[in-house]
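# here are the coordinates; sequence isn't available:
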């Protein structure tokens, strides 16, 4: 995340945050995973990547349902 965060490649940044969220969710679903997914969603929305944004919204919704 550090290297991607220094670039203007929003998709890479979003993917990094999404994967980080997946790891955190696998360890213990909660606020940490939700925060990482929120960062991913923000990057994907800024980029206009509607497919990835929708996928991350589903991940966030699944956290809320658990």
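Perfect, I can see it now. Keep in mind it's a predicted model, so treat the numbers as computed, not measured. Residues are numbered from 1 along each chain as shown.

# For the helix or strand encompassing residue 17, could you pull out the residues that count as buried?
Per DSSP states H and E: residue 17 is located in helix 10-27. Residues of helix 10-27 classed as buried: 10, 12-18, 20-21, 24-25 (neighbour count, 16 or more other C-beta atoms under 10 Å). (C-beta placed from N, C-alpha, C; glycine too.)

# Show me what counts as buried in the next helix or strand after it.
Scanning forward in sequence from helix 10-27 by DSSP H and E, the next helix or strand is helix 31-47. Of all the residues in helix 31-47, those buried under the rule 16+ other C-beta under 10 Å are 33-34, 36-37, 39-45, 47.

# show me where pLDDT drops low in this protein?
Along the chain, segments meeting pLDDT under 70 span 1-7, 66.

# Dump the buried residues of helix 10-27 to TSV, plus distance to residue 58.
Below are the buried residues of helix 10-27 laid out as TSV (distance: C-beta to C-beta, whole Å):
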residue	distance to residue 58
10	19
12	21
13	19
14	14
15	16
16	19
17	15
18	11
20	17
21	12
24	16
25	12
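
# Closest one of those to residue 56?
residue 18 (5.9 Å; C-beta to C-beta).

# Distance of the residue lying closest to the closest one once chain neighbours are set aside relative to residue 25?
Leaving aside its sequence neighbours, residue 18 sits nearest to residue 40 (C-beta to C-beta, 6 or more residues apart in numbering; 4.1 Å). Distance, residue 40 to residue 25, by C-beta to C-beta, to the nearest Å: 12 Å.

# Who are the packing partners of the strand or helix carrying residue 52?
Per DSSP H and E, residue 52 falls inside helix 50-65. Here helix 50-65 touches helix 10-27, helix 31-47, going by 3 or more C-beta pairs under 8 Å, 6 or more residues apart in numbering; DSSP states H and E.

# tell me the angle of the longest one relative to helix 31-47?
In this structure, helix 10-27 runs at an angle of 160 degrees to helix 31-47, with axes from the mean of the first three to the mean of the last three C-alpha atoms, to 10 degrees as the basis.
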